[in-house]
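J.: Pasted the sequence and its predicted model underneath.
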Amino acid sequence: SLLMENNTWTLVPPPPDANIVDSRWAHAIKDELPPRYKARFVAKGYSQRYGVDYEDTYAPVVKPETLRVLFSISAARKYDIHMMDAVTAFLNSILVEKIYVKQPEGYVDNEHPDWVCLLHRALYGLKQSALAWYDTLRMVLESPELEFKRIESDHAVFVVKTQLSTVYLALFVDDLAIFGDDEHLIGNIKAELSSHFRMKDLGLMKRFLGLDISRNPNGDVIVSQQRYLEQVLHRFGMQDCKPAYTPLPNVRLHKRDYYPDDPDPPGDQTLYQEIVGSVNHAAVWTRPDIAHAVSILSQYLHDPSVIHLNAAKHLLRYLKGSLHLRQIFSGESSPNLVGYADADYANDEDDRKSYSGYCYFLHHNSAPISHSSKKQSLVAQSTMESETIALSHAAKEALWLQNLCHDLSVFGDQVRPVPGIFMINTDSESALKAIKNPVFHARTKHFDLRHHFIRDIVSKGEITAGYIPGNENPADIFTKSLERTKHTAALRMLHMG
């Protein structure tokens, strides 16, 4: 087996006072056609001790926003998108710490049944395995043979440039996405990686992290999760449900009431958490239209009522009726980073906090590369304050996107700053005036200091703030539930087809 081929461990007598990590076999059915049955020997990482068996554990993976920018680049430059998979990736990683693991059940050595495995390579389940694999792969990518450079704005993305072409490599644990138009260079990269690790070349990308990827004749990149969402509906017995037209029902949700005379009946907490967790993956990656609904429902995970559970099932009904929706990344226009921010004042019935939302586009006829729907952390005392807070949140994302676009040479190899970043608020001209001219001192002196950040970067010219009517603002969908007509209009503004 690969465990033996990679010299994963050596059998040794158990040292006195050593922490022996437990182990088990994990069985899974891979989401492939046809399904593939898989058994893997894994360590029970929860039995590791910090400072003894591990220290650092975080391993970078590509951010959803970065992947969307790379899709936009591929559409604009007509890049091909290739995919590779590292077979048993963690078994290629050399461990620094001394870790002892119990022998695998069913394969205990007859001569030394009490001995333990001293690991030389990382096992799946160890807390530091992903980081060890990342460090090992990074060392190969940055070697003189490949000459990749890691970008600073997302440590899971590497770039290699020649005189004629550029190739990007995005990493998500053992899945590698390669973007470029130089077939010879991409072929050399694949061959070099295959010489160091056991790799599976999956050709042009069709499926990545649960996303379905396709191209149309114009070269646009089309991303959807229809297959994943169909599985979610089937899992919860909603595959034949009646479709809904909006993500949430026309009901103001609030914490569960415990009034003695009329308490809210409890909902199935496990079922509720499973539904919200399942749809959250889609909200983060491909379905910005449900981001606000998921954000609202996530507030009641610890104590849902039947009302909350019905709202979650309503969201599944909406997904049933909108399975066809997908993100289309087009590069027909010149790249221009434009952002929209909005806030809904005091719309939470429990604590009267406001909601912030923003979205960013790289091409005017393309899906957003970044979006967010989040409840504000403090109680705003006016609409102007809530809108200013929303602009501050969006401005922080703008600066990171600016660095990302620079690192990926979206606008060419120009020096910073990247031109053409606009933060466009909805219908709050008072917030724009407070940002650009501090004459509203009596109305703004109580603002939290961190939210004066937006004033500073606007005054420096790092971003530009402007006005747009509320009915033309695509960020509106991230702050409140919209009725059917407005929701449909918002989908058009998000370029979801």
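T.: Arrived safely, thanks for sending.
J.: Endpoints of stretch 150-170, how far apart?
T.: Its start and end residues considered, stretch 150-170 measures 10 Å (CA to CA, to the nearest Å).
J.: buried sites along it?
T.: 150-151, 153-160, 165-170 (16 or more other CB atoms under 10 Å). The C-beta positions use only the backbone N, C-alpha and C, and glycine is treated the same way.
J.: can you give me the strands in the stretch 101-250 of the chain?
T.: 116-119, 149-150, 157-161, 166-172, 175-180, 199-204, 207-208, 211-215, 221-224 (DSSP state E, counting those that start in this stretch).
J.: Save those as a markdown table, and put in distance to residue 3 too.
T.: Output for these, formatted as a markdown table (distance: least, CB to CB, whole Å):
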| stretch | distance to residue 3 |
| --- | --- |
| strand 116-119 | 10 |
| strand 149-150 | 30 |
| strand 157-161 | 29 |
| strand 166-172 | 24 |
| strand 175-180 | 22 |
| strand 199-204 | 18 |
| strand 207-208 | 27 |
| strand 211-215 | 31 |
| strand 221-224 | 36 |
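J.: any chance of those strands in CSV, with mean pLDDT and distance to residue 391 too?
T.: Formatted as CSV, the strands of the stretch 101-250 of the chain follow (pLDDT from 0 to 100; distance: least, CB to CB, whole Å):
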stretch, mean pLDDT, distance to residue 391
strand 116-119, 92, 50
strand 149-150, 96, 32
strand 157-161, 95, 28
strand 166-172, 95, 30
strand 175-180, 95, 32
strand 199-204, 93, 40
strand 207-208, 92, 33
strand 211-215, 94, 31
strand 221-224, 95, 28
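J.: Looking at those strands, which is nearest to residue 319?
T.: strand 221-224 (12.0 Å; CB to CB).
J.: what does that closest one rub up against?
T.: 71-72, 74-75, 81, 211-216, 285-286, 325-329, 367 (CB atoms under 8 Å, 6 or more residues apart in numbering).
J.: ok, now stretch 476-491?
T.: So stretch 476-491 is contacted by 245-248, 250, 288-289, 291-293, 296, 325, 342-344, 347, 355-359, 371-373, 390, 426, 470-471, 474, 494 (CB under 8 Å, 6+ apart).
J.: again with stretch 157-170
T.: 62, 66-67, 70, 73, 138, 141-142, 146-151, 156, 171, 176-182, 185-186, 189, 407-409.
J.: Please repeat the previous calculation with a cut-off of 7 Å.
T.: Residues from elsewhere that reach stretch 157-170 (CB atoms under 7 Å, 6 or more residues apart in numbering): 62, 66-67, 70, 141, 146-151, 156, 176-182, 185-186, 189, 408-409.
J.: from those, which ones fall inside helices?
T.: 66, 67, 70, 141, 185, 186, 189 (DSSP state H).
J.: List the contacts of the third one.
T.: Applying CB under 7 Å, 6+ apart, one finds that residue 70 lies in contact with 168, 170, 179.
J.: Looking at the residues you listed, which is nearest residue 12?
T.: The nearest one, if we look at those relative to residue 12 and count by CB to CB, is residue 170, at 39.4 Å.
J.: Which strand residues bridge that closest one?
T.: Beta bridges link residue 170 to residue 157, residue 177 when assigned by DSSP bridges.
J.: out of the contacts of stretch 476-491, which are inside helices?
T.: Among those, the subset assigned to helices under DSSP H consists of 291, 292, 293, 296, 390.
J.: Farthest pair within those?
T.: 293 and 390 (18.4 Å).
J.: Looking at the two, which one has more neighbours?
T.: Using other CB atoms under 10 Å, the more surrounded residue of residue 293 and residue 390 is residue 390, with 33 against 25.
J.: Next up, the contacts around that one.
T.: By CB under 7 Å, 6+ apart, the contact set of residue 390 is 341, 342, 343, 356, 357, 358.
J.: Roughly how far does it sit from residue 61?
T.: Applying CB to CB, to the nearest Å, the value for residue 390 to residue 61 is 28 Å.
J.: and what of residue 36?
T.: Taking CB to CB, one finds residue 36 at 23 Å from residue 61.
J.: same check, this time on residue 476
T.: 31 Å.
J.: Which one's more surrounded, these two?
T.: Between residue 476 and residue 61, residue 476 has the larger neighbour count (other CB under 10 Å), namely 24 against 18.
J.: SS state for the more buried one?
T.: Secondary structure, DSSP: H, G, I helix; E, B strand; the rest coil: residue 476 is helix.
J.: ok, back up a step: go through the contacts of residue 390 and say which is closest to residue 335.
T.: Closest approach between the contacts of residue 390 and residue 335, by CB to CB: residue 358, at 18.6 Å.
J.: what sits opposite the closest one in the beta ladder?
T.: Once the bridges are assigned, which here means DSSP bridges, residue 358 pairs with residue 341, residue 372.
J.: For it, give me its contacts.
T.: Here residue 358 is in contact with 339, 340, 341, 371, 372, 390, 393, 394, 397, 475, 478 (CB under 7 Å, 6+ apart).
J.: low-confidence ranges in the stretch 1-150 of the chain?
T.: 1 (pLDDT under 70).
J.: mind listing the helices for it?
T.: For the stretch 1-150 of the chain, the helices defined by DSSP state H, counting those that start in this stretch occupy 2-5, 64-77, 129-141.
J.: Of all the ones you listed, which one comes closest to residue 254?
T.: Residue 254 sits nearest to helix 64-77 of all the helices of the stretch 1-150 of the chain, at 30.3 Å, using CB to CB.
J.: Identify each buried residue in stretch 94-108, please.
T.: Those buried within stretch 94-108 under the rule 16+ other CB under 10 Å are 95, 99, 100, 101, 102, 103.
J.: how about the CA coordinates for it, as PDB?
T.: The C-alpha trace of stretch 94-108 is given here as PDB (Å, rounded to 0.1, in the frame of the first residue of the first chain):
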ATOM      1  CA  ILE A  94       7.700  15.000   6.400                       C
ATOM      2  CA  LEU A  95       6.900  15.500  10.000                       C
ATOM      3  CA  VAL A  96       9.200  17.600  12.300                       C
ATOM      4  CA  GLU A  97       7.700  16.400  15.600                       C
ATOM      5  CA  LYS A  98       8.000  12.900  17.000                       C
ATOM      6  CA  ILE A  99       4.500  11.400  17.000                       C
ATOM      7  CA  TYR A 100       3.600   7.900  18.100                       C
ATOM      8  CA  VAL A 101       0.400   6.300  16.800                       C
ATOM      9  CA  LYS A 102      -1.300   3.000  17.600                       C
ATOM     10  CA  GLN A 103      -0.900   0.300  15.000                       C
ATOM     11  CA  PRO A 104      -3.800   0.000  12.400                       C
ATOM     12  CA  GLU A 105      -6.600  -2.300  13.500                       C
ATOM     13  CA  GLY A 106      -6.500  -5.500  11.500                       C
ATOM     14  CA  TYR A 107      -2.800  -5.000  10.600                       C
ATOM     15  CA  VAL A 108      -1.200  -5.400  14.000                       C
END
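J.: What lies in contact with it?
T.: Counting by CB under 7 Å, 6+ apart, residues outside stretch 94-108 touching it are 14, 18, 20-25, 41, 43, 53-54, 109, 116-123, 126, 132, 136.
J.: okay if I get the ones in helices among the contacts of stretch 476-491 as TSV plus distance to residue 259?
T.: Below are the ones in helices among the contacts of stretch 476-491 laid out as TSV (distance: CB to CB, whole Å):
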residue	distance to residue 259
291	32
292	28
293	27
296	22
390	34
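J.: Can you tell me which of those is closest to residue 278?
T.: residue 293 (13.2 Å).
J.: For residue 68, see how far away that closest one is.
T.: Taking CB to CB, one finds residue 293 at 21 Å from residue 68.
J.: repeat for residue 265
T.: When distances are taken as CB to CB, residue 265 and residue 68 turn out to be 41 Å apart.
J.: The two - which one has more neighbours?
T.: Taking neighbours as other CB under 10 Å, residue 265 and residue 68 compare with residue 68 leading, 24 against 9.
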